[in-house]
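Trainee: Just need the structure, nothing else, for what follows:
(one chain, ligands or ions: 2)
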Amino acid sequence: MRAVVFDAVGSPLRVAEVAPPECPPDGAVIDVKATGICRSDWHAWHGREVVSLPHIPGHEFSGVVTKTGAMVSAFAVGDRVTVPFVNGCGLCDWCRAGQAQVCPYQTQPGFSRAGSFAEQVAIPAADFNLVRLPETMDFITAAVLGCRFATAFHALTTQARLKAREWLAVFGCGGVGLSAVMIAVAVGARVVAVDPSPTALTRAADLGAEATVAATDPVPTVHSITAGGAHSSVDALGSTATAVSSIRSLRARGRHIQVGLMLGDDERAPLPWELVVSRELEVLGAHGMAAREYPAMLTMIVDGRLEPQRLIGSVIDLEQAGEALMAMDEQVPAQAGIVVATI
Ligand SMILES: [Zn+2]
Ligand SMILES: [Zn+2]
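Mentor: Ligands and ions are numbered 1, 2, ... in the order given. Down below sits the predicted model:
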């Protein structure tokens, strides 16, 4: 089959003919129809995640089941599906409680296994990890759900417990941040979007953000706009500065959700713990979304309350996927929108 591979950290991505994946006894092989191109793929290519080489990136995709293992009963050849980027084992306490996003035995296509920049991808524990697509949902829209959009949905609905009329501050308006803006507006929350880029803030306003802030220290402005601080705040970028600003922007008993990955020195970011104590703040993470939480999100997409297709910047083909990933070196996320490759 055709796939996009890299042979060493940072080496050019190339289209190659590789062996198709084996079907696990409890798993499925999926004919990939569309795959999103995400900054996490770019981080792995740059060696910030350890992957075995040569490696096929890609972790958010949609497609059609083409093979199933003998143990699979809930899905059959021909089913249209997508898959969360975290694949749970399906057996542990976390998975059985519906929390596969934190399964200690998890694997991830495009990181711990071959990914979806390919004509086929294998997924283990298929009964547990596959998500059936609604009939009306096209493959390109479905391909943008598995990572950024689903993570934002889990972060706001499950972790932040965001309600109508509450204020949400969104720090960083790339793919995750703009997803958060759209989802918050859909649940009736009020959004203040923070980003240094005027283009990103224009996108956030188009998606329903009520206020936008580009200030170097946005915290006083967020407190003023929200009359005392946001009820919830998301660091969608992942940096010490945005994480600290997010926590400082909260009102008493507010919830900070860390969605952007904290890599390198940011992993040990000093946070304003005195505020966490005195304002009784919650500091929460969000790491993808388990298949079990997908139906609520899919329902909101089918009935038109959520329109993830509005976040798509361009649609390319598999041959261009490697170039698109390499081009992220120079790219401002919100300007490009989500790039999807069809296969
Ligand atoms: Zn598990
Ligand atoms: Zn991703």
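Trainee: Point out where the protein drops to low pLDDT.
Mentor: 331-336 (pLDDT under 70).
Trainee: Break down it into its helices, ranges please.
Mentor: 39-45, 93-96, 126-129, 139-143, 150-153, 175-186, 198-206, 219-225, 240-248, 273-278, 294-302, 318-326, 333-336 (DSSP state H).
Trainee: For the fourth one, enumerate the helices and strands it packs against.
Mentor: Taking 3 or more CB pairs under 8 Å, 6 or more residues apart in numbering; DSSP states H and E as the contact definition, the neighbouring helices and strands of helix 139-143 are strand 28-37, strand 61-68, strand 80-82, strand 312-317, strand 338-342. Placement of C-beta: from N, CA and C, glycine included.
Trainee: circling back to that earlier point, closest one to ligand 1 among the helices of the chain?
Mentor: Evaluated with CB to the ion, those place helix 93-96 nearest to ligand 1, the distance being 3.4 Å.
Trainee: how about the closest one: buried residues?
Mentor: Buried residues in helix 93-96, counted by 16 or more other CB atoms under 10 Å: W94, C95.
Trainee: Also stretch 252-260?
Mentor: G254, R255, H256, I257, Q258, V259, G260.
Trainee: Is that stretch in proximity to ligand 2?
Mentor: No. Using CB under 5 Å from the ion, stretch 252-260 stays clear of ligand 2, coming no nearer than 11.0 Å.
Trainee: do stretch 175-187 as well
Mentor: No. Using CB under 5 Å from the ion, stretch 175-187 stays clear of ligand 2, with a minimum separation of 8.0 Å.
Trainee: where's that stretch relative to the chain centroid, distance-wise?
Mentor: 12 Å (CA atoms, centre = their mean, to the nearest Å).
Trainee: deepest of the helices and strands packed on helix 139-143, which one?
Mentor: strand 28-37 (a mean of 26; mean count of other CB atoms under 10 Å).
Trainee: Tell me which other helices or strands it touches.
Mentor: If you count contacts as 3+ CB pairs under 8 Å, 6+ apart, strand 28-37 packs onto strand 61-68, strand 120-123, helix 139-143, helix 318-326, strand 338-342.
Trainee: list the contacts for E210?
Mentor: With contacts defined as CB atoms under 8 Å, 6 or more residues apart in numbering, the neighbours of E210 are R190, V191, V192.
Trainee: Find the nearest non-adjacent residue to the last one, please.
Mentor: What it means is V192. Leaving aside its chain neighbours, V192 sits nearest to A211 (4.3 Å; criterion: CB to CB, 6 or more residues apart in numbering).
Trainee: The one you found and Q99: what is the separation?
Mentor: Here A211 is placed at a distance of 34 Å from Q99 (CB to CB, to the nearest Å).
Trainee: and the buried residues of stretch 252-260 as TSV, adding distance to A205?
Mentor: Below are the buried residues of stretch 252-260 laid out as TSV (distance: CB to CB, whole Å):
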residue	distance to A205
G254	23
R255	24
H256	23
I257	22
Q258	24
V259	21
G260	21
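Trainee: right, and out of those, which lies closest to W45?
Mentor: G260 (18.2 Å; CB to CB).
Trainee: you'd agree G337 is up against L311?
Mentor: Yes. In this structure G337 lies within contact range of L311 using CB atoms under 8 Å: 6.0 Å.
Trainee: can you list residues touching both of those two?
Mentor: G175.
Trainee: So between these two, which is more surrounded?
Mentor: Shown here are G337 and L311; by other CB atoms under 10 Å, L311 has more neighbours (23 against 17).
Trainee: tell me the contacts of the more buried one?
Mentor: Shown in contact with L311 (CB under 8 Å, 6+ apart): V144, F149, G175, L178, S179, M182, G337, I338.
Trainee: now with 10 Å?
Mentor: Residues in contact with L311 (CB atoms under 10 Å, 6 or more residues apart in numbering) are 36, 141, 144, 148-149, 174-175, 178-179, 181-182, 203, 207, 334, 337-338, 340.
Trainee: of those, list those near ligand 1.
Mentor: Applying CB under 5 Å from the ion to these, one finds that nothing falls near ligand 1.
Trainee: on that earlier part again, may I see the contacts of E210 organised as JSON lines, with neighbour count added?
Mentor: Shown next, in JSON lines, are the contacts of E210 (neighbours: other CB atoms under 10 Å):
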{"residue": "R190", "neighbour count": "19"}
{"residue": "V191", "neighbour count": "26"}
{"residue": "V192", "neighbour count": "25"}
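Trainee: which one of the helices of the chain lies closest to A70?
Mentor: helix 126-129 (11.3 Å).
Trainee: name the helices or strands packed onto that closest one?
Mentor: strand 28-37, strand 61-68, helix 93-96 (3 or more CB pairs under 10 Å, 6 or more residues apart in numbering; DSSP states H and E).
Trainee: do it and ligand 1 meet at all?
Mentor: No. Applying CB under 5 Å from the ion, one finds helix 126-129 separated from ligand 1 by no less than 8.4 Å.
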